[in-house]
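Student: model the structure of this input:
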Amino acid sequence: MSLHVNLVVNGMSVEQIVKEFPLLDAEDIRQALQYAAVLTYEELHPLASSPL
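Tutor: Next up is the predicted model:
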């Protein structure tokens, strides 16, 4: 999965990746990117105010 994301980051199109790796299809690449997005999702939690 990280290979597929890395290929996209480095400029390969989905079509190029599928051509290079014929066992994959466009949906595989989409799912790999979606999974990577979930892994990098950040939640921000405000800090509780502290009395001075």
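Student: all helices of this structure, in order?
Tutor: In the chain, the helices defined using DSSP state H lie at 2-9, 14-20, 26-39.
Student: closest one to residue 46 among those?
Tutor: Among the helices of the chain, helix 26-39 comes nearest to residue 46, with 22.8 Å by Cβ to Cβ. All C-beta atoms are positioned from the backbone trio N, CA, C, and that covers glycine.
Student: list the buried residues in the closest one.
Tutor: 28-29, 32-33, 36 (16 or more other Cβ atoms under 10 Å).
Student: and stretch 17-28, by the same measure?
Tutor: Those would be 17-18, 28, for stretch 17-28 by 16+ other Cβ under 10 Å.
Student: redo these as a markdown table? Include pLDDT and distance to residue 42.
Tutor: Listed next are those as a markdown table, based on pLDDT from 0 to 100; distance: Cβ to Cβ, whole Å:
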| residue | pLDDT | distance to residue 42 |
| --- | --- | --- |
| 17 | 93 | 27 |
| 18 | 93 | 31 |
| 28 | 93 | 26 |
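Student: residue 9: which of those residues is nearest?
Tutor: Of all the buried residues of stretch 17-28, residue 9 sits closest to residue 17, with 11.5 Å by Cβ to Cβ.
Student: just checking, that closest one touches residue 30?
Tutor: No - with contact defined as Cβ atoms under 8 Å, residue 17 does not reach residue 30; the gap is 11.0 Å.
Student: touching, residue 14 and residue 27? I think so.
Tutor: No - Residue 14 is beyond contact range of residue 27, at 9.7 Å (criterion: Cβ under 8 Å).
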